[in-house]
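Chemist: Here is my input; please provide its structure:
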Amino acid sequence: MDSRALILAIETSGRIGSVALATSEALLDETTFSAPMRHSAELFPSIERLLQETARPRQAISHCFISIGPGSFTGLRIAVSAAKAMSLANDTHIVAVNTLDVIAANASRSVRTDYVAPILDAKRGQFFTAGYQRTDASAHLRKVSADCLQTPQEILSRCASLGGSVALLGEGLLHHRARFSGDQISILDPSFWMPNAATVYALGKEKAARGEFSDPLTLTPYYLRAPQVTIKRA
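Modeler: Residues are numbered from 1 along each chain as shown. The predicted structure follows:
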């Protein structure tokens, strides 16, 4: 990727969104939305503010990295729609980053457990989760369990089978923390729970370097489970 490329990173999968501007070499600036679920109201004003503060024109954005899910159905649609619009208008390259990977990366440098498992509330008594193992003394985490939907008991059983210490994090713990207590399990401080645009940028840059771009015509949010649709009858 050209070192002059201007990258926009968008994270709207969680309760509080954020956006960042960067080059292929460094993060330029990041801003976090003012309150939960303000994605549609603050996304584009935040992007414009970052462009003004970094003295960059909108047309200079050549890459858009987005958090693709799983997560908030509405938030994911907003990010995908924004990325598609920029691609159609300016031929912007899109990189889709797995949200569970983004959350797990929050724990990569500061947490020294054997395993890390993000927890997101999928409703109906289930949670989105995946498993990551620390491969060495460095910050690298390797994904060892695929994204899935599980109940708290299923998650605890899987953690127990790993044979090592497991750190849990993610906004699914906000109202359900008490359901995830167990031997060898620790729950990280809430400051680790929220995905952010800076990490979307960091992981997106790795995918872009491997040429892993998304087709804007076929790009859809990664729901992992289809949203529930309620039909109102007259």
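
Chemist: And the strands in the chain, which stretches?
Modeler: Along the chain, the stretches classed as strands by DSSP state E are 6-11, 18-22, 27-32, 61-69, 93-98, 115-123, 126-134, 141-150, 166-169, 185-187.

Chemist: Touching, residue 99 and residue 75? I think so.
Modeler: No. Look at residue 99 against residue 75 with CB atoms under 8 Å: they stay out of range, at 9.7 Å. From N, CA and C alone the C-beta is placed, and that goes for glycine too.

Chemist: Have a look at these two and say which one is more surrounded.
Modeler: It is residue 99, of residue 99 and residue 75, that has more neighbours when counted by other CB atoms under 10 Å, with 32 against 25.

Chemist: And the longest helix seen in the chain, what does it pack against?
Modeler: Using DSSP state H to define each element, the chain has its longest helix at helix 73-90. Where contact means 3 or more CB pairs under 8 Å, 6 or more residues apart in numbering; DSSP states H and E, helix 73-90 is packed against strand 6-11, helix 39-53, strand 61-69, strand 93-98.

Chemist: mind running it again at 6 Å?
Modeler: helix 39-53, strand 61-69 (3 or more CB pairs under 6 Å, 6 or more residues apart in numbering; DSSP states H and E).

Chemist: who does the last one pair up with?
Modeler: The sheet places strand 61-69 alongside strand 6-11 (parallel), strand 93-98 (parallel), with pairing taken from DSSP bridges.

Chemist: got a list of contacts for the last one?
Modeler: For strand 93-98, the surrounding residues in contact (CB atoms under 6 Å, 6 or more residues apart in numbering) are 63-68, 83, 87, 200, 203-204, 207-208, 213-214, 216.

Chemist: mind showing which ranges of the chain have poor pLDDT?
Modeler: For the chain, the stretches with pLDDT under 70 are 137-139, 226-234.

Chemist: So what are the structural domains in it, by residue number?
Modeler: The chain breaks down into these domains under automatic domain parsing: 6-98+195-209, 107-192.

Chemist: Could you work out the end-to-end span of the first one for me?
Modeler: By CA to CA, to the nearest Å, the extent of domain 6-98+195-209 from end to end equals 14 Å.

Chemist: just how off-centre is that domain within its chain?
Modeler: Distance, stretch centre to chain centre, for domain 6-98+195-209: 11 Å (CA atoms, centre = their mean, to the nearest Å).

Chemist: Next: the shortest one.
Modeler: Using CA atoms, centre = their mean, we find the averaged C-alpha position of domain 107-192 to lie 15 Å away from the chain's own average C-alpha position.
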